[in-house]
Structures are given as C-alpha cells and as structure tokens.
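> What follows is a predicted protein model with its sequence.
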Amino acid sequence: MKNLVLCVINVLFFIHTAYSTVQIQAIDKSIHFSPKENIKLVCNVTFSQDDPTPEVRWMRGGTAVTAVDDLKERAKVRWDPHNRISVLMVERAKDEDAGNYSCVAFDKENELSRDSIIAAKPLVVRTPKNLNFVEEEKLRVTCKPNREAKIHWVFHGKEYHESRDRVILEDNEEDGKIIPNGTFVLEKAERDDRGELLCVGTDPVTGDTANYTCMVRVKDKYAPLWPFLGICAEVIVLCAIIIIYEKKHKTADLEESDTDQSPDQKNTPDQAKGTKVRHRQ
Ligand SMILES: *[C@@H]1O[C@H](CO)[C@@H](O)[C@H](O)[C@H]1NC(C)=O
Ligand SMILES: *[C@@H]1O[C@H](CO)[C@@H](O)[C@H](O)[C@H]1NC(C)=O
Ligand SMILES: *[C@@H]1O[C@H](CO)[C@@H](O)[C@H](O)[C@H]1NC(C)=O
Ligand SMILES: *[C@@H]1O[C@H](CO)[C@@H](O)[C@H](O)[C@H]1NC(C)=O
C-alpha cells in the first residue's frame, strides 16, 4: 500500500515536472493590422525534445478566442511542428479585433506559460490641412486621433505637452470621448504665427506615434479692406480723369465763340480741338 502511494506520487510528480522547461514567447509583442486584412499572431514554444507537444490556446482579454462569438468563425489556430510555433490567424479583420491577445501553453488544464501580443490599428492623427486666421483673432486647431492616444503639439520647432506661454491646450470631445489636449489655441494670432503646426499622437500602450501637419496662415486684419480700397482708388482716378477732362472741355467751351456744336462733337475731344483750331484760324 505504501509503495502504491509512493508510486502514485511519483507518477503525479513526473506529470507535473514533465513540462518544467516549457516557455512560450510572442515573436512580436505589438502588431498592427489594417481592417479587412488578416491578422497574424505568432508565438514560439520552447520545450524539451523528450516531452510531448504542449497544447497552445489563444485568448483575447482573458477569453478564449473560440468563445468569442464575433471571433470564433474567423480565428484559425495552426501549429507548425517544424518551427515549433503556434499561429493565430484572424481573417478579414474588423476594428473591434484590436486588443490584448495571449498565447497560453497548457498541459491539460494546467497553465504552463503565457505571453501577450497587443494588436492595434495603425495610429493616425488628423487636423485640417490648411487653416486661415485673421490677425488678432483667435487661432484654434483641433486634432483627432483614430483611437486612444496622447496628443502633443509642435509649433515653430517647440513642443507643447501642456499650456504654456501664449499656447493654450484644451480638451476636445468627439462622440462623447474626451481627447485631452486635442485642441491648440492662441488667443490672439500674430502674423509671425504663420507656419507649420504639428499634432503628434502617442499610443500609451504600444508607444506608436503618428503626426499630421496643419499649415496655418494668418492674414493681415486689413486684408479684407484691400479690394475695397482698390475700388475706391479706381473710382478716384476715374473721377479725376473725368473732372480734368470736363475742366479742359469747359475752358475750350469758354474760349469758343457762340458757335453751335452737335452733342457728338462735344463728346469727342479731337473733334472739339479740331473745331477750336479751325475757329481760331
Ligand atoms: C524561439 O525561442 C527560442 C528561445 O526562446 C529562440 O532561440 C528561437 O530563436 C525562437 N524562434 C523564433 C522563430 O523566434
Ligand atoms: C495583456 O494581458 C496580459 C495578461 O494576459 C497582461 O499581463 C498584460 O499586462 C496585458 N498587456 C497590456 C498592455 O494591457
Ligand atoms: C494636458 O495638459 C495638461 C495641462 O494643460 C497636462 O497637465 C496634462 O498632462 C496633459 N494631458 C495629457 C494627456 O498629455
Ligand atoms: C512625423 O512623422 C514622420 C514620419 O511619418 C517622422 O519622420 C517625423 O519624425 C515625425 N515628426 C515628429 C515631430 O514626430
């Protein structure tokens, strides 16, 4: 009886120590995917040549991928015995497939080793491409990331992670989500503020960055006046020409004797002059 117990303990001990050297490792701990393409997640399993192959299960956020309704049809797990890698392929990726995936090596129900892979869409930030402001008015530029990201700004070569000097960073709200420091504000734009304004986004988990440049132009506050002043100048010049002509004409009329003139002749200076000259002779 004592021997039997020892034997059972030995067997149990053997089972439990059989996989003591199992190590599972994600080849890439952070991957990017584009919607509609396949997501490929790979984990490398190291185990002793004498041991049986451990079972590898895949999870997302703590749930087996085979238990997620939206995922199970598109999730294909493959074991490559030659390279000793387990591959999870998620076909026709959707935005919601982003998350924290884990590959876990099991011996029956005993977890032996695990590693995790973050799958995310590439980070993209966007501002308008060009914006025009008027001098002394408020300059305001909003930046939108396609997913959660920390925003900072680069303006005239200086980085702004928070409000300072003339720069005020405000939060913006998009579909009920707050984007901290997503709005860049200058209370009074100056003409020298013209230039490139960069919005830089950083993924707090993966550390990925993305940026986008907004070309900011600041117009002279009198700029809208220029066309009006131009028209005024034109009118003044025209008036001057008319007045000068009228004056000359009047002088000519005065110099003229009581000769009658047709309206046609009055309107054409050459003819008027001609008449004048002729009359003088
Ligand atoms: C798998 O892991 C082992 C050790 O952890 C390493 O030597 C080997 O290069 C890895 N294989 C791949 C394909 O990364
Ligand atoms: C992902 O999940 C694992 C547990 O499965 C955890 O250890 C890890 O910290 C998580 N990674 C992130 C970035 O949340
Ligand atoms: C946003 O700016 C404030 C100060 O204006 C700063 O304290 C905070 O850390 C910034 N937030 C982020 C997410 O960078
Ligand atoms: C903006 O992104 C480009 C590549 O997309 C990179 O070369 C550049 O260094 C980035 N600039 C900043 C300020 O992060």
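That came in fine, so what should we check first? Ligands and ions are numbered 1, 2, ... in the order given.

> who touches residue 108 in this structure?
Contacts for residue 108 were tallied using Cβ atoms under 8 Å, 6 or more residues apart in numbering; they are residue 55. Using the backbone N, CA and C atoms, a C-beta is placed for each residue, glycine as well.

> Give me the phi and psi for it.
According to degrees, to the nearest 10, the main-chain angles of residue 108 amount to phi 50, psi -120.

> again, but for residue 205
When read as degrees, to the nearest 10, the backbone of residue 205 gives phi -90, psi -50.

> thinking it is in contact with residue 119, fair?
No - contact between residue 205 and residue 119 fails when scored by Cβ atoms under 8 Å: they sit 10.9 Å apart.

> quick one: which of these two has more around it?
Set side by side, residue 205 and residue 119 give different neighbour counts by other Cβ atoms under 10 Å, the larger being at residue 119 (22 against 12).

> Report the buried residues of the one helix or strand the more buried one maps to.
Counting by DSSP states H and E, the secondary-structure element that holds residue 119 is strand 110-120. Judged by neighbour count using 16 or more other Cβ atoms under 10 Å, the buried positions of strand 110-120 are 112, 113, 114, 115, 116, 117, 118, 119, 120.

> So the nearest residue to the fifth one once chain neighbours are set aside: helix, strand or coil?
Distances taken as Cβ to Cβ, 6 or more residues apart in numbering put residue 102 closest to residue 116, at 4.7 Å, once the chain neighbours are dropped. Judged by DSSP: H, G, I helix; E, B strand; the rest coil, the three-state class of residue 102 is strand.

> Could you pull up the residues touching residue 102?
By Cβ under 8 Å, 6+ apart, the contact list for residue 102 reads 58, 59, 60, 62, 114, 115, 116, 117.

> Need the worst-confidence member of these.
When those are compared on pLDDT, residue 62 comes out least confident, at 88.

> That one: neighbour count?
7.

> Right, and ligand 3 sits closest to which residue of the stretch 1-150 of the chain?
Distances from the stretch 1-150 of the chain to ligand 3, computed as Cβ to the nearest ligand atom, single out residue 150 as the nearest residue at 4.7 Å.

> Same check on the chain?
Counting by Cβ to the nearest ligand atom, the chain gets nearest ligand 3 through residue 162, at 3.3 Å.
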